[in-house]
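Asks: below are the sequence and a predicted model for it; my questions follow.
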Amino acid sequence: MVLNIPKNSNFFITYIVMFIFWILLSWEFSLSNILFGLVGSFLVAYSTRNLFIKERIAISPQKFIRKSYLSILYIFYLTYQIIMANLDVAYRVLHPKMPIDTRVIKFNTKLESDLAKTCFANSITLTPGTITIDVKKDIFYVHALTSEAAESLLEGSMERKLIEIFQE
């Protein structure tokens, strides 16, 4: 069995995802908030309907469930990384000697799709102490506040988790 989602459903899928995201972010269930979310989601979905889903999607339910599960696990992983990096940056900034060792690193990625590379670049930038400076084809340029942050990125656990989600 294969889920076959036609291309003309881009708007509907984007609308549903945007509305769920709105509810999760606001976590307020008043009538005015839900109506505002419905209208806002409609406007965003209509204006971006061709950005998120460009071609026909054919995916088995098992693969869809697996990728959804891995995506949820990645969100928890990223949240943990952000919290730990926040604590590390706070320690370094508050330490009297400010043990900061900045560097710019350059590395190749094994991620193939633009969406996967964008998620990776945003994940790096969301993590305090690192920021993606540039991405050129498969090459990432990242500024790291510490050598430990740079080594952690070069070790590649974040990238491997995204490869599991985005590649077959």
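Replies: On my side now, so go ahead. Numbering: from 1, shown residues only.
Asks: how close does residue 42 get to residue 11?
Replies: Going from residue 42 to residue 11 by CB to CB, to the nearest Å gives 9 Å. The way it works is simple: take the backbone N, C-alpha and C, and place the C-beta from them, glycine included.
Asks: oh, I was asking about residue 28
Replies: Separation of residue 28 from residue 11 (CB to CB): 25 Å.
Asks: which residues of the chain fall in helices?
Replies: Listed in chain order, the helices of the chain (DSSP state H) span 10-26, 31-52, 61-94, 114-126, 147-155, 157-166.
Asks: out of these, flag the one nearest residue 137.
Replies: The closest of these to residue 137 is helix 114-126. By CB to CB, the value is 9.1 Å.
Asks: what about residue 146, neighbour count?
Replies: By other CB atoms under 10 Å, 19 other residues sit near residue 146.
Asks: okay, now the unreliable bits of this structure?
Replies: Judged by pLDDT under 70, the chain has its weakly predicted residues at 1-10, 49-59, 168.
Asks: in it, which residue is most central in space?
Replies: residue 119 (3.8 Å; CA atoms, centre = their mean).
Asks: that one touches residue 159, doesn't it?
Replies: No - using CB atoms under 8 Å, residue 119 is not in contact with residue 159, being 10.3 Å away.
Asks: what's the burial count for residue 103?
Replies: For residue 103, the tally of surrounding residues (other CB under 10 Å) stands at 13.
Asks: measure it to residue 88 for me?
Replies: 15 Å.
Asks: possible to save the helices of the chain as JSON lines with distance to residue 136?
Replies: Below are the helices of the chain laid out as JSON lines (distance: least, CB to CB, whole Å):
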{"stretch": "helix 10-26", "distance to residue 136": "29"}
{"stretch": "helix 31-52", "distance to residue 136": "22"}
{"stretch": "helix 61-94", "distance to residue 136": "24"}
{"stretch": "helix 114-126", "distance to residue 136": "10"}
{"stretch": "helix 147-155", "distance to residue 136": "17"}
{"stretch": "helix 157-166", "distance to residue 136": "16"}
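Asks: of the ones you listed, which is nearest residue 140?
Replies: Residue 140 sits nearest to helix 114-126 of all these, at 7.0 Å, using CB to CB.
Asks: so how far is the closest one from its chain's centroid?
Replies: 6 Å (CA atoms, centre = their mean, to the nearest Å).
Asks: tell me the angle of it relative to helix 61-94?
Replies: Angle of helix 114-126 versus helix 61-94, following axes from the mean of the first three to the mean of the last three CA atoms, to 10 degrees, is 30 degrees.
Asks: pull out the buried positions in helix 114-126.
Replies: Across helix 114-126, burial judged by 16 or more other CB atoms under 10 Å covers 116-117, 119-121, 123-124.
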